[in-house]
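*Asks:* sequence-free structure coming up:
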Ligand code: HEM
Ligand SMILES: [Ca+2]
Ligand SMILES: [Ca+2]
């Protein structure tokens, strides 16, 4: 892995962060959730072939947008397009779509009251998407802590601090009813409820998501401060107010090494912020394309035409 650097665009596109922040702030006026959606795109990008903007490619056959964890769920693509459009006029062919997602994540966290940090930059955009990998690599809302940990290990992250700190991103944003209704109505297949769900919270969630109702209705991942990036996600877990099974498990799995980390972050927001930044930087480093690998896309939704041409030339040459 060649090294990324926070100063990568200092000469070639010095305003890159300001440009991204401007588009983000404008978008969040009408869509307070957009920052959460953008950091999720970065996460879902990095866990599939690394942080190469593969998730942004429109590809009816292999596109990741239609993979189960993303379909009708991942969002914010138009805002990424808007960021890319301004960047292409300010500094053409310079800023990768993968770096846009990394910067937008940091700016989103910061805008919501979380930490700010110098984002390592210099990623390049990949030439392919991989739906199969998106279906297999991304953690699921009903998966066991063990299964989620092994998906973090698979991409080179650790199973305790990275899992807990990065799950803290659920301090903002929304989830659809279908991602947690089994906890309300059919936890073990016998019409029961999840014993690790606070009963008052369960009551409230049942109002929002009645049994047999519309599974795409949205609710807050953090019921206490839904749009603020803070440590309430962790204090919620301590009183059984984690929305997803995958959230509550961090605190409620007997004997798990994640419990003491939840307690530490609940007690000390600064400790959470510091770990979160470190883990975000680690996640942003997953199997990178740098140097001359990949390309700088001009449109985040498609591989550059010139790259496709030189590809098919290669194929022609090698077939002669
Ligand atoms: C640990 C395993 C994880 C699981 C099982 C998980 C699962 C989910 C699910 C099911 C949703 C709701 C999707 C929907 O209803 O359409 C969601 C939303 C979200 N996730 Fe995660 N997630 C995990 C980790 C992460 C990480 C590591 C990040 C970022 C660093 C993240 C950031 C978010 C954000 C911000 C939202 C709200 C997005 C929005 O409002 O558009 N999640 N996640
Ligand atoms: Ca990717
Ligand atoms: Ca919050």
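*Replies:* Alright, I've got the coordinates. This structure is a prediction, so every number in the text was calculated from the model and none was measured. Ligands and ions are numbered 1, 2, ... in the order given.

*Asks:* Point out the residues in the stretch 201-320 of the chain that sit beside ligand 1.
*Replies:* Proximity of the stretch 201-320 of the chain to ligand 1 (C-beta under 6 Å from any ligand atom) is limited to residues 221, 244, 246. No exception for glycine: its C-beta is placed from N, CA and C like everyone else's.

*Asks:* Got phi/psi on residue 21?
*Replies:* The phi and psi torsions at residue 21 (degrees, to the nearest 10) take the values phi -60, psi -40.

*Asks:* distance of it from ligand 3?
*Replies:* Between residue 21 and ligand 3 the distance, using C-beta to the ion, to the nearest Å, works out to 20 Å.

*Asks:* so how many other residues sit close to that residue?
*Replies:* Residue 21 has 19 neighbours, counted by other C-beta atoms under 10 Å.

*Asks:* Identify, from the residues of the stretch 201-320 of the chain next to ligand 1, the entry nearest to ligand 2.
*Replies:* If you rank those by distance to ligand 2 using C-beta to the ion, residue 246 comes first, at 20.8 Å.

*Asks:* what's in contact with the helix or strand where the closest one lies?
*Replies:* For residue 246, the element it lies in under DSSP states H and E is helix 245-252. Judged by C-beta atoms under 8 Å, 6 or more residues apart in numbering, the contacts made with helix 245-252 from elsewhere in the structure are 139-145, 148, 163-164, 167, 170, 180, 182-183, 194, 196-197, 221, 233, 237-238, 240, 242, 256, 258-259, 261-262.

*Asks:* What residues does the nearest residue to residue 223 once chain neighbours are set aside make contact with?
*Replies:* Take residue 223 and drop its neighbours on the chain: the residue closest to it by C-beta to C-beta, 6 or more residues apart in numbering is residue 241, 5.9 Å away. Applying C-beta under 8 Å, 6+ apart, we find residue 241 in contact with 198, 201, 223-224.

*Asks:* Same check on residue 21?
*Replies:* Counting by C-beta under 8 Å, 6+ apart, residue 21 has contacts 107, 111.

*Asks:* follow-up on the earlier one: would you turn the residues of the stretch 201-320 of the chain next to ligand 1 into a markdown table with neighbour count and pLDDT?
*Replies:* Rendered in a markdown table, the data for these read as follows (neighbours: other C-beta atoms under 10 Å; pLDDT from 0 to 100):
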| residue | neighbour count | pLDDT |
| --- | --- | --- |
| 221 | 22 | 98 |
| 244 | 19 | 98 |
| 246 | 22 | 97 |
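
*Asks:* from the residues you listed, which is closest to residue 111?
*Replies:* Taking C-beta to C-beta as the measure, residue 111 sits nearest to residue 221 out of these, at 17.0 Å.

*Asks:* Surely the closest one touches residue 167?
*Replies:* No: under the criterion of C-beta atoms under 8 Å, residue 221 lies out of contact with residue 167, with a separation of 10.1 Å.

*Asks:* Give me the number of neighbouring residues for the closest residue to ligand 1 within the chain.
*Replies:* Here the residue of the chain nearest ligand 1 is residue 173; by C-beta to the nearest ligand atom that distance is 2.4 Å. By the measure other C-beta under 10 Å, the count of residues near residue 173 is 23.

*Asks:* Please tell me how far it sits from residue 290.
*Replies:* Between residue 173 and residue 290 the computed distance is 30 Å (C-beta to C-beta, to the nearest Å).

*Asks:* before we move on, what about residue 103?
*Replies:* Using C-beta to C-beta, we find residue 103 at a distance of 16 Å from residue 290.

*Asks:* Mind listing the shared neighbours of residue 221 and residue 167?
*Replies:* Going by C-beta under 8 Å, 6+ apart, residues that sit against residue 221 and also against residue 167 are 233, 247.

*Asks:* Spit out the contact partners of residue 269.
*Replies:* Each residue near residue 269 by C-beta under 8 Å, 6+ apart is listed here: 230-231.

*Asks:* can you check the one 4 residues further on too?
*Replies:* Taking C-beta under 8 Å, 6+ apart as the contact definition, residue 273 lies against 114-115.

*Asks:* That one: helix or strand, and which one exactly?
*Replies:* In the assignment (DSSP H and E), residue 273 maps to helix 269-283.

*Asks:* Also residue 175?
*Replies:* In this structure, residue 175 is located in strand 174-176 according to DSSP H and E.

*Asks:* and the next element down the chain from that strand?
*Replies:* Read in the C-terminal direction, the helix or strand following strand 174-176 is helix 181-185, with elements assigned using DSSP H and E.

*Asks:* Now look at that next one and say if it contacts ligand 1.
*Replies:* No: contact of helix 181-185 with ligand 1 (C-beta under 6 Å from any ligand atom) is absent, the minimum separation being 11.0 Å.
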